[in-house]
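Asks: Give me coordinates for this.
(one chain, ligands or ions: 1)
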Amino acid sequence: MQDFLPFTRPTIDDETIAEVIAVLRSGWITSGPKVLELERALAAYLGGGRQVRVMTSATGGMEMALRAAGVGAGDEVIVPAMTFAASANVVVRVGARPVFIDVELRSRNATAAAFAAALTPRSRALMPVHFSGLAVDMDPVNELATRHGLRVIEDAAHAVGTRDRGRLIGSFGDIISFSFHANKNMTTVEGGALAFADPALALPLDRERFHGITKDAAGNVDVFEAGGKYNLTDVAAAVGIGQLRRLPGFNARRRELAQHYFERLGPRLDPDMLPAPGDDGHSWHMFVVLVPFGRLGTTRDAFIAAMKSRGIGVGVHYPSVPALTYYRQLGWNPAAFPNAARIGAETVTLPLFPAMTIGDVDRVCDALLEFVKR
Ligand SMILES: *Cc1c(COP(=O)(O)O)cnc(C)c1O
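Replies: Predicted coordinates for the structure are as follows:
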């Protein structure tokens, strides 16, 4: 029996593990010099000209960003129907209303035209999601936002290292949120980062992140609002510093593996079953395929079980957000977003992570092709 192949697995090198141990032995383990070093390294990676704050999760970061941008009760934020629930949940948590839009089938991304069609007088922000590491075409989205005086909070949880027309996601635009959850292209175990250029966001974000506290020049503490508690630890930051060093190599390896999936599956599957290939800027956070379970007379559960019996893990990213019980109870009809509904019903995430071999990809393809042939 071969080793079980999970759909993803982090790669933490020995050098990084040694740095984590050094932080643990240093006597300073929570937010301190390593957090500052990670923020500086991320800002440099994004090419300078951006401020970066790291925090305990992307979910927390997006909630902080919405609050810092003044989004709240009575406001609407336009969110794709195909994303992780967190993208919509954070909008609800700040008292605003998520307004869903459908996505394109193969890219899983929302277009500027779809954002434009959902605008109302209450719209305050747009939330493009760079699904699976494929960039949303951002220029028309940012132009739309500028024209209507809206904020743009990019959910770039999948997109650290992604490029849009050659520009790194996070190096331009309004507020960009990255996730460093264990499954993402780089990790701090749990964690996230915001990149932004607007200097007016720095103070409210710092207060949101740490109890509303600001220190004066003499070091006296005062609290100016009921802030939250989202600061990353130096232990986690040390993991992130080591991961960021490896990120270009990780993403290049992800692209090679994705290319092999296309070589194996492209000639055998209906094009709608395959994800959009993108270009060199795709960071391949996930390789997602659609399997027409209904047409094949089977179910996704049966597929997952069949793959598992062959030692292969697959994921489901994601159910359509308006189909989730909470959002249905708010009155959303999942059938109004047909591409998201189809993706939600048919999607499976095949294994893709930097330590995989080409032979692992072949093994997954053999199992998938055998299943769909029946
Ligand atoms: C992972 C993810 C998040 C949340 O990231 P956390 O760091 O786990 O909070 C948000 N949006 C998308 C699209 C994600 O995949």
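Asks: make it CA atoms for all contacts and neighbour counts henceforth
Replies: Noted.
Asks: where's Arg108 relative to Ile343, distance?
Replies: Distance of Arg108 to Ile343, computed by CA to CA, to the nearest Å: 8 Å.
Asks: shared neighbours, the two?
Replies: Met82 (CA atoms under 8 Å, 6 or more residues apart in numbering).
Asks: burial of whichever residue of the stretch 101-250 of the chain sits closest to the ligand, as a residue count?
Replies: Nearest residue of the stretch 101-250 of the chain to the ligand, counting by CA to the nearest ligand atom: Ser179, 4.1 Å away. Applying other CA atoms under 10 Å, we find 31 other residues in the vicinity of Ser179.
Asks: can you map out the helices along the stretch 151-300 of the chain?
Replies: In the stretch 151-300 of the chain, the segments counted as helices under DSSP state H, counting those that start in this stretch are 202-209, 234-265, 300-309.
Asks: Next, format the ones you listed as JSON lines and append mean pLDDT.
Replies: Conversion of the helices of the stretch 151-300 of the chain to JSON lines gives the following (pLDDT from 0 to 100):
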{"stretch": "helix 202-209", "mean pLDDT": "97"}
{"stretch": "helix 234-265", "mean pLDDT": "98"}
{"stretch": "helix 300-309", "mean pLDDT": "97"}
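Asks: how about those helices in a markdown table, adding mean neighbour count and distance to Pro354?
Replies: As requested, the helices of the stretch 151-300 of the chain are exported to a markdown table (neighbours: other CA atoms under 10 Å; distance: least, CA to CA, whole Å):
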| stretch | mean neighbour count | distance to Pro354 |
| --- | --- | --- |
| helix 202-209 | 20 | 32 |
| helix 234-265 | 20 | 5 |
| helix 300-309 | 15 | 20 |
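Asks: of all those, which lies closest to Ala69?
Replies: Taking CA to CA as the criterion, helix 202-209 is the member of the helices of the stretch 151-300 of the chain that comes nearest to Ala69, at 8.4 Å.
Asks: check contacts around the residue of the stretch 101-250 of the chain closest to the ligand.
Replies: Contacts of Ser179 were listed using CA under 8 Å, 6+ apart, and they are Ser57, Ala58, Ala156, Ala157, His158, Thr187, Gly191, Gly192, Ala193.
Asks: change it to 6 Å
Replies: Residues near Ser179 by CA atoms under 6 Å, 6 or more residues apart in numbering: Ala58, Ala157, Gly192.
Asks: From those, pick the one nearest Lys34.
Replies: Gly192 (14.6 Å).
Asks: Make JSON lines from the helices of the stretch 151-300 of the chain and add distance to Glu225 to it.
Replies: Output for those, formatted as JSON lines (distance: least, CA to CA, whole Å):
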{"stretch": "helix 202-209", "distance to Glu225": "7"}
{"stretch": "helix 234-265", "distance to Glu225": "25"}
{"stretch": "helix 300-309", "distance to Glu225": "48"}
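Asks: Could you point out which of these sits nearest Ala135?
Replies: Once the helices of the stretch 151-300 of the chain are compared by CA to CA, helix 234-265 is nearest, at 14.1 Å.
Asks: Run through the residues of the stretch 1-150 of the chain sitting next to the ligand.
Replies: With CA under 6 Å from any ligand atom as the criterion, the stretch 1-150 of the chain meets the ligand at residues Ser57, Ala58, Thr59, Thr83, Phe84, Ala86, Ser87.
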